[in-house]
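Participant: Could you look at this predicted model? Sequence included:
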Amino acid sequence: MWKSLVIDPAKCTGCLQCEMACSYEHTGVMNPANSLIKVFNFEHEGRKVPYTCTQCTEAWCLNACPVDAIRINKATGAKEVFADTCVGCKVCTIACPFGTINYNQVSGKVQKCDLCAGDPACAKACPTEAITYVDANWTGYDRMQAWAAKANTPATAA
Amino acid sequence: MAWTRKILRVNLTAGTCTEEPLNMQWAQDYLGSRGLASKYLISEIDPKVDPLSPDNKMIMATGPLTGTMASTGGRYTVVTKGPLTGAIACSNSGGFFGAEMKFAGWDMIIFEGKSPKPVYLFVENEKAELRDASHLWGKSCWETEEIIKSQHQDPQIRISSIGKAGENQVLYACVVNDLHRAAGRSGVGAVMGSKNLKAVALRGTRGVGNVKDFPAFMKATNEAKKVLHDNAVTGQGLPKYGTQVLMNVINEIGALPTRNHRDVQFEDASKISAEAMHEKRESDGKTHLVTNAACFGCTIACGRISEIDKGHFTVKNSPKYWGASGGLEYEAAWALGAANGVGDLEALQYANLICNEQGMDPISFGATVGAAMELYEMGVLTAEQIGIDSPFGSAEALAKMVEMTAVGEGFGKELGMGSKRLCAKYGHPELSMSVKGQEFPAYDSRGIQGMGLAYATSNRGACHLRGYTVASEVLGIPVKTDPLATDGKPELVKAFQDATAVFDSAGICVFTSFAWTLADVQPQLDAACEGEWTMDKLNEVGERIWNMERMFNNAAGFTAKDDNLPPRLTQEPAKTGPAKGLVNGLAKMLPEYYQVRGWTPEGEPTADTRQRLGL
């Protein structure tokens, strides 16, 4: 069973705990500059939006990579970058429609969300449940339920 | 370790930036941020120095928890000798600037001298340089941030700057970072302006990787976050209502200073309250409040982001104020509202936006307007002098005064001197609602007795953030005490003052103390910082910081007679509410406070006290 990160921007306060947790998990340093999840702040609208890789099934990045440095983790479904293989050509960064795989000048490789081997640090650190990690088949069900609740049909027995 | 162990010293006269090692013994004795930066300042300047002269220094400092996953670990302080008071000034701000300083690898930045022309400091990790700011001089804080980010082609740069108020040396000008967070009080922005330093722009990509014991740190910070989450104030009240949750509460207990402290209850309090910010406006069907927002690392998220009514008279022709922006917080809503008798929420937000845009402390500004309105009603000031009819309650007068003061035009120049100088100039010094020259915040000390002592003895002049006994006297945190009684308040004030010094010096937000005691902070510090950080040591550090600040003020010329309140609070009884008939009992509390502190009857730490604290 695979799980997915589900992000609800309306719950995000912009505290960046997710960015610190992500960077620490991957580099051993609390450093938002190295986070694989990014919170964007649309200052004049009052909106904050966390954004990261959605782990596409037919992943553009994976298919574009000429050296097969991006592979599926069969346990989690994450598309993971194998740094030993990556040559830093950046073709994947062009292929990704969402911009969620990025080049890192220091390592000379690309980097992206790997779901922390099935236990994402960002979701654990989020204080408002703006980032949750749920059964991949259930993404969107909470929103469906919220709309269903608005159906406004009285409870009746036949 | 958590400290970066590096200080950046910027000599503005010479135009140099040099790196120095942090004094690690001082870090053990004074922790960081407020305490440690004050130690540096006091060691380097003459206490008698003119605050606006090149010989004064200004320090921006982080604490050991700044830039870490500790909740609210994003604070920095601006420490200097303050021009409003002549006392030590230490103003604390959230936002994202403090963490960025840490990520760039610096514990603090010391500014000294005065630049011959306007400059800004640009720091990118190890690289630091002063750059020409002639194109920024005259710009607002908002414009300055935008121009610097666009010039460096980097939207992730974090910026602290002064607006026109700081340039014009308004005595309560503040330093604004991230558009609407501010090191707000005591005029630290005027000191920055006096040095021709327009802004500090930071980009840090090194991060914080050197906490002493990371597993212990995660355990301690997670447990502490749970305490915040499970607490009614920090887990529910503050995220939903912000600090504005207090407006109706404080009004009901008869401690909401109204019309320059003539009254202690405001008939329109509910119109400018948190609840009002959640209600749909008649004019456009929208709520004033758009969302809450967090500063760096904060799991409370008390910040208010609001949208002003576009049709309101203050902004209908000024689209630049129409977007979502910071405010209103309780202190600003009170100072711009109740303190002047103005019950128009949109007008308060307009004044608040101008304060953010041009860098002014809305507390001291609003309280100064309150004093001016009283002088107007007494016939001492006229509409011709001020430029507008200015009775209590006039939103038009408030809007006009904030515009004039922010840019230093007309009567705004006089308002920019603060209420003490304004009232003295017009022959009524007793009408300045201030201590040591700094205006009171939003709690009337006739209705909350302990706050009178906290104000009178605050090292930076009247202030709620040096010893917030409101927590105990009103909210029952950590234990409930009677707000109308003076008994036990000297001990209570001391305990709050010392603990707050530790919170401030750690790099975390004092609002955590609605839920946390020092016992919640101690394991976080102990896991992060080298050395052993026991409760005993933290209590001693807090007390040491308080006494060090006091000794600086004494050396600057302050004495026991400056630990005082305006006669209105000690002689004119409250007219309504639970405190009706009461004045503040400072005369009873103060001698006892000196005893509890281990000070002489003249308010100076005794030799024994100094020795015990290593001062």
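Facilitator: That came through fine.

Participant: In chain A, what residue spans correspond to strands?
Facilitator: Chain-ordered strands for chain A, with DSSP state E as the definition, fall at A:3-7, A:38-42, A:47-51, A:70-72, A:79-81, A:102-104, A:109-111, A:131-135.

Participant: which residues sit in contact with B:Gly193?
Facilitator: By C-beta atoms under 8 Å, 6 or more residues apart in numbering or on different chains, the contact list for B:Gly193 reads B:162, B:166-169, B:173. The way it works is simple: take the backbone N, C-alpha and C, and place the C-beta from them, glycine included.

Participant: Go again with 7 Å.
Facilitator: Applying C-beta atoms under 7 Å, 6 or more residues apart in numbering or on different chains, one finds that B:Gly193 lies in contact with B:162, B:166-167, B:169, B:173.

Participant: cool, B:Ala515 as well?
Facilitator: Listed by C-beta under 7 Å, 6+ apart, the contact set of B:Ala515 reads B:227-228, B:231, B:233-234.

Participant: Enumerate the residues of chain A near chain B.
Facilitator: With C-beta under 7 Å from any C-beta of the partner chain as the criterion, chain A comes near chain B at residues A:13-17, A:20-21, A:23, A:28-31, A:33-34, A:43-46, A:127.

Participant: Pull out the buried residues from those.
Facilitator: Neighbour-count burial (16 or more other C-beta atoms under 10 Å in any protein chain shown) is assigned, among the residues of chain A next to chain B, to A:13-17, A:20-21, A:23, A:29-31, A:33-34, A:43, A:46, A:127.

Participant: Of all pairs in those, which one spans the longest distance?
Facilitator: A:Val29 and A:Gly46 (30.7 Å; C-beta to C-beta).

Participant: For the closest residue to chain B within chain A, give me the pLDDT.
Facilitator: Across chain A, the shortest distance to chain B (C-beta to the nearest C-beta) belongs to A:Asn31, at 2.4 Å. Note for A:Asn31: predicted pLDDT of 96.

Participant: Now it: phi and psi?
Facilitator: phi -160, psi 90 (degrees, to the nearest 10).

Participant: Please name the nearest non-neighbouring residue to it.
Facilitator: With C-beta to C-beta, 6 or more residues apart in numbering or on different chains as the criterion, A:Asn31 has its nearest non-adjacent residue at 2.4 Å, and that residue is B:Gly207.

Participant: Identify the residues contacting that neighbour.
Facilitator: Shown here is B:Gly207, whose contacts under the criterion C-beta under 7 Å, 6+ apart are A:23, A:29-31, A:33-34, B:103.

Participant: at 10 Å what do you get?
Facilitator: Applying C-beta atoms under 10 Å, 6 or more residues apart in numbering or on different chains to B:Gly207 gives the contacts A:20, A:23-24, A:27-35, B:67-68, B:99, B:102-105.

Participant: Please apply the same query to B:Glu252.
Facilitator: If you count contacts by C-beta under 10 Å, 6+ apart, B:Glu252 has them with B:265, B:269, B:447, B:474, B:577-578.

Participant: Just among the residues you listed, which is most surrounded?
Facilitator: The member of these that has the most neighbours, counting by other C-beta atoms under 10 Å in any protein chain shown, is B:Gly447 with 30 neighbours.

Participant: Which strand or helix spans that one?
Facilitator: For B:Gly447, there is no enclosing helix or strand under DSSP states H and E.

Participant: pretty sure it contacts B:Ile250?
Facilitator: Yes - the pair B:Gly447 and B:Ile250 qualifies as a contact (C-beta atoms under 10 Å) at a distance of 8.0 Å.

Participant: okay, and the common contacts of these two?
Facilitator: Residues touching both B:Gly447 and B:Ile250 (C-beta under 10 Å, 6+ apart): B:256-257, B:264-265, B:474.

Participant: In strands only, show me those residues.
Facilitator: Among those, none falls in strands (DSSP E).

Participant: Which single one of these is nearest to chain A?
Facilitator: Looking across these and measuring by C-beta to the nearest C-beta, the closest to chain A is B:Val474, at 26.3 Å.

Participant: so the closest one sits right up against B:Ala255, yeah?
Facilitator: Yes - using C-beta under 10 Å, B:Val474 makes contact with B:Ala255 at a distance of 7.7 Å.

Participant: Can you pull the residues that touch both of those two?
Facilitator: Where contact means C-beta under 10 Å, 6+ apart, the residues bridging B:Val474 and B:Ala255 through contact with each are B:246, B:249, B:443, B:447-448, B:451, B:483.

Participant: So which of those residues would count as near chain A as well?
Facilitator: On the criterion C-beta under 10 Å from any C-beta of the partner chain, none of the entries of the shared contacts of B:Val474 and B:Ala255 sits beside chain A.

Participant: quick one: which of those is nearest to chain A?
Facilitator: Nearest to chain A, judged by C-beta to the nearest C-beta, of the shared contacts of B:Val474 and B:Ala255 is B:Leu246 at 20.4 Å.

Participant: Next, the contact list for that closest one, please.
Facilitator: Residues touching B:Leu246, when contacts are defined by C-beta under 10 Å, 6+ apart, comprise B:237, B:255-256, B:273-274, B:329-331, B:333-334, B:442-443, B:470, B:474-475.

Participant: Throw together a PyMOL command that grabs the buried residues out of these.
Facilitator: Filtering those down to the buried ones (16+ other C-beta under 10 Å) takes a single PyMOL command:
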select buried, chain B and resi 237+255+256+273+274+329+330+331+333+334+442+443+470+474+475
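
Participant: confidence score at the residue sitting nearest the centre point of chain A?
Facilitator: The residue lying closest to the centre of chain A (C-alpha atoms, centre = their mean) is A:Thr52, at 3.4 Å. Per-residue confidence at A:Thr52 stands at 97 (pLDDT).

Participant: With A:Ala155 instead?
Facilitator: With respect to pLDDT, A:Ala155 has a value of 78.

Participant: Relative to A:Ala146, how far out is it?
Facilitator: Per C-beta to C-beta, to the nearest Å, A:Ala155 is found 18 Å from A:Ala146.

Participant: now do B:Asn554
Facilitator: Using C-beta to C-beta, one gets 62 Å for the distance from B:Asn554 to A:Ala146.

Participant: Comparing the two, which shows the higher neighbour count?
Facilitator: In this view B:Asn554 and A:Ala146 are compared by other C-beta under 10 Å, and B:Asn554 has more residues nearby, 18 against 9.

Participant: What residues sit buried inside the host helix or strand of that one?
Facilitator: Assigned by DSSP H and E, B:Asn554 belongs to helix B:535-556. Across helix B:535-556, burial judged by 16+ other C-beta under 10 Å covers B:537-554, B:556.
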